[in-house]
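Peer 1: Task: produce atomic coordinates for the following.
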Amino acid sequence: MTIQFYKYQGTGNDFVIIDNRHQQFDKNNAKLIGELCDRRFGIGADGLILLEDHPSLDFSMVYFNSDGHPSSMCGNGGRCIVAFAKYLKLIDNEAVFLAIDGTHRARINSAGEVELQMKDVTTINQYESHLFMDTGSPHHIEFVKTLGNINIKENGARIRNSDLYGQEGSNVNFVQDEVEGFRVRTYERGVENETLSCGTGVTAVALAAHYSGRTNQDRIRIKTEGGNLEVRFKVNNKNYFDIWLIGPAIKVFNGQIEI
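Peer 2: This next block holds a predicted model:
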C-alpha cells in the first residue's frame, strides 16, 4: 500500500502528517507509526499526526509520539496541522479543531505564523526546586543558572521516570533567564530524548515564569533550540486563560512511501 505523507516542522519540532479523512491509515498500528517516525529507516519525525474529518468542526487532530503510541496534546503539532489544513484548502486563515485535550481555535496571522489557543491553566504546583502544570501535556519546569552545564537527555530521563510522576511520567523543561524572555530545552516523554522545541512546554515555561514572579509580562518570548516562539495570555487570580502559542509552522517536503 502506498500512502501520501507531508513533513512539517515548527521551530524544529517535526512531524509526519497524513490526510486521513478517508480512514485509509491504520492508527492502531504502533509499530508502523514508529517505523515512519524512525530517523534512520523511515521518514523521521518527533511524532505523527492524522488529520481527520469532524462532524461540526473544521477537522480533528490525532497525535502519536515517535514511539508509535497515542499522546497528549502537542502544541507545535497543533500549529503545524493548521498550516496543513490551509495547504489542503480546508480553511482560510482561521480554524476550530478537536484535539485530545478538547477544542482549539487557531489563526494564521499576517506574518504567516500560526497562533494556537491552548487550554486554560487553573492549577500550577510550585515546589522548592521546580513547578508542575498541565498545558495539554504534563510539564515539569526547572529554572537553572545555565543550560550549558546540563545533560538534557540524562537528567530529563531521570526526572521523567522518577517517583514524582510514576509510570505515566512527565515532560521535563530546563529554563534559563535571557535578557529578553527565556531559553528552554525540553526532554519529551514518548520521544524519550530532547526535542528542538515543545509547544506545550514553551507554554508551561511562560506561565511558570509569570507565576513564580520572574516576569510580570503577559507576552513572553521563549527561545528554543529550534527557534523562537511567543506566548500571550491573560491572568486573573493566578488562573491563566486566553493563552496563545505563536510561531512558524513550515512545510518541509511531501512524498509517498510504501507500507
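
Peer 1: mind checking the backbone torsions on Ala30?
Peer 2: Reported as degrees, to the nearest 10, the phi and psi values for Ala30 are phi -60, psi -30.

Peer 1: And for Phe84?
Peer 2: Backbone geometry at Phe84, expressed as degrees, to the nearest 10, gives phi -70, psi -40.

Peer 1: residues in contact with it?
Peer 2: For Phe84, the contact set (C-beta atoms under 8 Å, 6 or more residues apart in numbering) comprises 6, 8, 17, 19, 51, 251. Just so you know, the C-beta spots here come from the backbone N, C-alpha and C atoms, and that holds for glycine as well.

Peer 1: of the residues you listed, closest to Cys37?
Peer 2: Nearest to Cys37 out of the contacts of Phe84 is Ile17 (C-beta to C-beta; 11.8 Å).

Peer 1: What's the local residue count around Ile33?
Peer 2: Using other C-beta atoms under 10 Å, Ile33 is surrounded by 27 other residues.

Peer 1: Could you pull up the residues touching the nearest residue to Val62 once chain neighbours are set aside?
Peer 2: Closest residue to Val62 apart from its sequence neighbours, by C-beta to C-beta, 6 or more residues apart in numbering: Leu50 at 4.1 Å. Leu50 is in contact with 17-18, 20, 25, 27, 61-63, counting by C-beta under 8 Å, 6+ apart.

Peer 1: hang on, the earlier thing: give me the buried subset of the contacts of Phe84.
Peer 2: 6, 8, 17, 19, 51 (16 or more other C-beta atoms under 10 Å).

Peer 1: mind checking pLDDT for Ala106?
Peer 2: Listed pLDDT for Ala106 reads 98.

Peer 1: So it is in contact with Phe97, correct?
Peer 2: Yes. Contact criterion C-beta atoms under 8 Å: Ala106 and Phe97 qualify, at 7.2 Å.

Peer 1: Give me the common contacts of these two.
Peer 2: By C-beta under 8 Å, 6+ apart, the residues touching both Ala106 and Phe97 are 78, 82.

Peer 1: who touches the strand or helix carrying Arg183?
Peer 2: Taking DSSP states H and E as the criterion, Arg183 maps to strand 182-188. Strand 182-188 has contacts (C-beta under 8 Å, 6+ apart) with 46, 65, 147, 150, 152-153, 155-157, 159-160, 171-176, 193-195, 197-198, 201-202, 205-206, 209, 214, 220-225.

Peer 1: Among these, the buried ones, what's the PyMOL command?
Peer 2: With 16+ other C-beta under 10 Å as the burial test, the buried ones among those are selected in PyMOL as follows:
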select buried, resi 46+65+150+152+156+157+159+160+171+172+173+174+175+176+194+195+197+198+201+202+205+206+209+220+221+222+223+224+225
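
Peer 1: ok, Asn125 - contacts?
Peer 2: 131-133.
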